[in-house]
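Colleague: sequence first, predicted coordinates after that:
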Amino acid sequence: MHKENAPVSDDPLHPHPQRSTVSSFPARPRILVVDDEILILEGMRRLLAARDYDVTTANGGCEALIAIGKQQFDVILLDLGMPDLSGAEVLRFVADRSADTPVIVVSGDSTIDAAIRALRGGAADFVRKPYEPEELLRRVDNTLTRRRLERENNHILQRLQQSEKWHRFLVNSSPDFIYTLDCDGRFTFVNDRVESLLGYTREDLLGQHYSTIIHEEDLARAEHVFNERRAGDRSARNIEIRLKCNPGMRRPRLMNGRCKAVELTATGMYDEDATLFERRFIGSYGVAKDVTERKQAEETVHYQAYHDLLTGLPNRALFRDHLALMLAQAKRSHKTLAVLSLDLDHFKVINDSLGHTIGDELLLAVGARLRQCLREGDTLARLGGDEFAVLLPTLLSRGDVEQICRKIIQVLSRPVYVKGHEIYISVSIGACVAPDDGEMIDSLIRQAEIAMYQAKAQGRSRLQFWEAGMQAPYSERMQIEADLRRALARNEFVLFYQPQVDTVSGEVRGFEALLRWWHPQRGFLSPAEFIPVAEESGVIVPIGDWVLREASAQMAEWRRAGLPQVRLSVNISARQLESPDFVESVMRAVQVHALDGQQIELEITESLLMRDFEANAIKLGRLSASGIRLAIDDFGTGYSSFKYLSRFPIHTLKIDQSFIQELEREENLSIVNAMVAMGRGMNLNVVAEGVETQSQLACLQQMQCHEMQGHYYSVPMSGHDATALLGRHTRGFVEAAG
Ligand SMILES: Nc1nc2c(ncn2[C@@H]2O[C@@H]3COP(=O)(O)O[C@H]4[C@@H](O)[C@H](n5cnc6c(=O)[nH]c(N)nc65)O[C@@H]4COP(=O)(O)O[C@H]3[C@H]2O)c(=O)[nH]1
């Protein structure tokens, strides 16, 4: 019998092409008839040919071997007793050579032994001679049918094996972990992926309960999925679960962590043989997709979306979330909470001058110090740049806020040491309280910020509670700040020049450079509309540099044009003066155009000079040593004592226009008189600012103040007009001089 199955290809993806096609019988079955007796041979040939079989005859054993060697037959009818080569030998040859060709022995030996021998020798059937033609034909038909069925069975089996091998290959090379469980939840199959995923071998897991590999915190959820009894669309899909890696794995590095996040899809398995009504549950199978990397990426994205990457503190989004949560809680428990907005004073100057690395370190140190001042449940966030926010979720009174802010201000007033620099920093804090000041998240944050700007405007390093009415300037301020940052690059600034005139000769002694901004939408803006914002945001430092360079370039142009050498006064802002390379930037502007230092006068307000007395004295001393002049602007408004002022290398006093414009008031008259006298006594040049009328002029002249600036002579004019004024042969305002 032909039981042996055809071998299956080892490579399931490249099966042998012949094996995958169904071999079928030819249209006419081919039959070989072997007998040494010609008459019998011919008789059988006729009989079979009449049935439309394709018959070949072999007269004896040797001829039979030749015929078998030439072609494949579907049935061989074989006589046993042949003189040249016995039927038994032919049978053996057939068995060796073409194993699946059935042989029907047709023999005159009618003993049972002969039949048994033939069948043992591999014959498919045995027919005695003389045969009944119908009987012989029936046997041939039966043999052919049996052979066809066997071949078909073999083919099906072969395909099944193939298919199973393919599926095994697919399951084992799947990037997903695939398993089956029995009814008790024990693994009956796990694919190869389990090894690279969790560090377990198949043997480790087979027979183990699924809970062996489930993260403790996910056991409840896992129980639901791993005990899935539903099948089809209703079964559990994409359930996220953490699987534990083998703690004793051989190559832990491959695992990248102790747990793997997977998405699990599971289905109940039922006994296929049972009837539809009484299906027997036999376990479940599932597919677990490794989503660890995706989870990690999601966590990173989530972290980045909610945290400030420099300090690791919550960012605005997370701060808003916390605030929303705490507001709801506070509402429920009728409690009060506070939102603080904190901004470091002069941080931008430090960042610009010492560099971003030191700026970053400073922010880290500030974050750590702020944290020390807060309690566990408080939220500290960095909203951007040097802006922090604090949420104090439970408060008894505004006094609590004051106390915490006092602590913050005090802690931040201690110097911070970064890479060999001793940095002094202070903080301005704005606060608002919910529900008193409102209960809307964004409004509360904005109100605290508005109050913080107010705190800055009031002199920094202080706390300011939000008050109704603080709103308006804020949004405009934000817009101006954004536009200002672009204005320099877009060349939107221009300098105007207001002459300072010697009233005796009428000659122009100098000009004050006054900044103007051609705003693309708002048009011409005066300094009052943007200098405070520029100052606050630090943009004034590069802008101030530009003013110095532009003013110096104008001076150089006048010199080249052969115009009289006059003085040019430039306003200096607080941030500029505080900037560590202030002295160098002034020198650079002067030196680039080879100007005489005497031609440049820096206007610094009285109050600014007094703010950081010692440091300013050093800087201005250095500038004065190279000839640069110093003017005290808005003199009279700062109430500073002459004793201190005398420590600075001052050349000019500019009497503030507020005194001049109300000169008719008795008290102003005496103050201005005293200031002019003091200035002259100290041998200083005294300039009255904001002179508008003939009477003011006359009054000032009487006081021996002979240099004036104001609308009486001229409003600030363009560089072109200033050049024209200088070029007049009268050199200014001789006709107007009184
Ligand atoms: N009512 C009246 N006003 C007169 C008269 N004469 C002059 N003024 C105005 O008085 C201001 C004098 O400048 P300031 O006291 O230095 O005050 C300046 C100065 O503190 C600041 N500023 C202007 N340019 C710059 C700059 O380049 N850098 C810095 N940091 N500040 C600047 O802006 C302030 C305002 O500048 P401006 O609007 O140009 O206003 C100028 C000028 O136009 C007058 O007779 N009557």
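Modeller: Received it, and whenever you're ready, just let me know what you need. Numbers count the residues shown, from 1 in each chain.
Colleague: all contacts plus neighbour counts: C-alpha atoms, from now on.
Modeller: Noted.
Colleague: Three-state assignment for the residue nearest to F319 when sequence neighbours are not counted, please.
Modeller: For F319, ignoring the flanking residues on the chain, the nearest one in space by Cα to Cα, 6 or more residues apart in numbering is A381 at 6.2 Å. Secondary structure, DSSP: H, G, I helix; E, B strand; the rest coil: A381 is strand.
Colleague: dump the residue contacts of A381.
Modeller: For A381, the contacting residues are 308, 313-316, 319, 388-390, by Cα atoms under 8 Å, 6 or more residues apart in numbering.
Colleague: switch to 6 Å and redo it
Modeller: By Cα atoms under 6 Å, 6 or more residues apart in numbering, A381 lies in contact with 313-315, 388-389.
Colleague: in CSV: the residues you listed, plus distance to F524, secondary structure and pLDDT.
Modeller: Output for the contacts of A381, formatted as CSV (distance: Cα to Cα, whole Å; DSSP: H, G, I helix; E, B strand; the rest coil; pLDDT from 0 to 100):
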residue, distance to F524, secondary structure, pLDDT
L313, 42, coil, 95
P314, 41, strand, 95
N315, 37, coil, 93
F388, 34, strand, 96
A389, 36, strand, 97
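Colleague: could you list the contact residues of the stretch 501-650 of the chain toward the ligand?
Modeller: 514-515, 526-528, 544, 547, 571-573, 634 (Cα under 6 Å from any ligand atom).
Colleague: let me fix that, I meant to ask about the chain.
Modeller: 514-515, 526-528, 544, 547, 571-573, 634, 690-692, 709-711, 716.
Colleague: pick out the residue in the stretch 51-200 of the chain sitting closest to the ligand.
Modeller: Going by Cα to the nearest ligand atom, the ligand is nearest to L197 of the stretch 51-200 of the chain, at 65.3 Å.
Colleague: helices of the stretch 101-250 of the chain, start to end?
Modeller: 112-120, 133-172, 193-198, 202-205, 219-226 (DSSP state H, counting those that start in this stretch).
Colleague: quick check, the residue in the stretch 251-400 of the chain closest to the ligand?
Modeller: Closest point on the stretch 251-400 of the chain to the ligand, by Cα to the nearest ligand atom, is V349, at 14.7 Å.
Colleague: dihedrals phi and psi, the residue nearest to that residue when sequence neighbours are not counted?
Modeller: Leaving out its chain neighbours, the residue that sits closest to V349 by Cα to Cα, 6+ apart is S579, at 5.9 Å. With angles defined as degrees, to the nearest 10, S579 sits at phi -60, psi 130.
Colleague: could you do E263 as well?
Modeller: With angles defined as degrees, to the nearest 10, E263 sits at phi -110, psi 120.
Colleague: can you pull the contacts of it?
Modeller: Contacts of E263 by Cα under 6 Å, 6+ apart are 238-240, 288-289.
Colleague: and if you look at H711?
Modeller: Listed by Cα under 6 Å, 6+ apart, the contact set of H711 reads E692.
Colleague: tell me the pLDDT of it.
Modeller: What the model reports as pLDDT for H711 is 95.
Colleague: helix or strand: which one has it?
Modeller: Using DSSP states H and E, H711 maps to neither a helix nor a strand.
Colleague: now do the contacts for A123.
Modeller: With Cα under 6 Å, 6+ apart, A123 has these contacts: 103-104.
Colleague: burial measure for F189, as a count.
Modeller: F189: 17 surrounding residues under other Cα atoms under 10 Å.
Colleague: what separates it from Y210, distance-wise?
Modeller: 11 Å (Cα to Cα, to the nearest Å).
Colleague: can you pull out the low-pLDDT segments for the stretch 501-650 of the chain?
Modeller: Applying pLDDT under 70 to the stretch 501-650 of the chain flags residues 637-644.
Colleague: should've said the stretch 351-500 of the chain
Modeller: In the stretch 351-500 of the chain, residues with pLDDT under 70: 471-476.
Colleague: quick one: the strands in it, in order.
Modeller: 379-384, 387-395, 416-418, 421-423, 426-434, 463-465, 493-502 (DSSP state E, counting those that start in this stretch).
Colleague: can you pull the buried residues of the third one?
Modeller: Residues V416 are the ones in strand 416-418 that count as buried (16 or more other Cα atoms under 10 Å).
Colleague: phi and psi next, for the residue most central in space within the chain.
Modeller: Geometric centre of the chain, nearest residue: V301, 5.3 Å, by Cα atoms, centre = their mean. The phi and psi values for V301, taken as degrees, to the nearest 10, are phi -60, psi -40.
Colleague: let me know the pLDDT of it.
Modeller: Per the predicted model, pLDDT is 81 at V301.
Colleague: ok, it - contacts?
Modeller: Counting by Cα under 6 Å, 6+ apart, V301 has no contacts.
Colleague: how much space between it and K295?
Modeller: 10 Å.
Colleague: can you check A625 too?
Modeller: For A625 relative to K295 (Cα to Cα), the value is 65 Å.
Colleague: which one's more surrounded, the two?
Modeller: Counted by other Cα under 10 Å, A625 and K295 do not tie: K295 has more neighbours, with 14 against 11.
Colleague: which is the next helix or strand following whichever strand or helix holds the more buried one?
Modeller: Using DSSP H and E, K295 maps to helix 292-306. Per DSSP H and E, the first helix or strand lying C-terminal to helix 292-306 is helix 316-332.
Colleague: can you pull the buried residues of that following helix?
Modeller: 316, 318-320, 322-324, 326-327, 329-330.
Colleague: and what of stretch 562-578?
Modeller: Buried-residue list, stretch 562-578, by 16+ other Cα under 10 Å: 563, 565-578.
Colleague: and that stretch, end to end?
Modeller: Stretch 562-578 has an end-to-end distance of 36 Å (Cα to Cα).
Colleague: identify the residues contacting that stretch?
Modeller: 509-513, 541, 599-604.
Colleague: now those residues as a markdown table including neighbour count?
Modeller: Shown next, in a markdown table, are these (neighbours: other Cα atoms under 10 Å):
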| residue | neighbour count |
| --- | --- |
| R509 | 21 |
| G510 | 24 |
| F511 | 23 |
| E512 | 22 |
| A513 | 24 |
| V541 | 24 |
| Q599 | 18 |
| I600 | 25 |
| E601 | 26 |
| L602 | 24 |
| E603 | 22 |
| I604 | 22 |
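Colleague: secondary structure for these - can I get that in CSV?
Modeller: Compiled in CSV, the contacts of stretch 562-578 are given as follows (three-state DSSP):
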residue, secondary structure
R509, strand
G510, strand
F511, strand
E512, strand
A513, strand
V541, helix
Q599, helix
I600, strand
E601, strand
L602, strand
E603, strand
I604, strand
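Colleague: most widely separated two among the residues you listed?
Modeller: In those, the most distant members under the criterion Cα to Cα are R509 and V541, with 27.8 Å between them.
Colleague: where in the stretch 201-350 of the chain is pLDDT low?
Modeller: In the stretch 201-350 of the chain, residues with pLDDT under 70: 232-233, 249-257, 273-278.
Colleague: ok, back up a step: format the residues of the stretch 501-650 of the chain next to the ligand as TSV; extra columns: secondary structure.
Modeller: TSV is the format used below for those (three-state DSSP):
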residue	secondary structure
L514	strand
L515	strand
S526	coil
P527	helix
A528	helix
G544	helix
V547	helix
N571	strand
I572	coil
S573	coil
D634	strand
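Colleague: which one of these sits closest to L608?
Modeller: S573 (8.1 Å).
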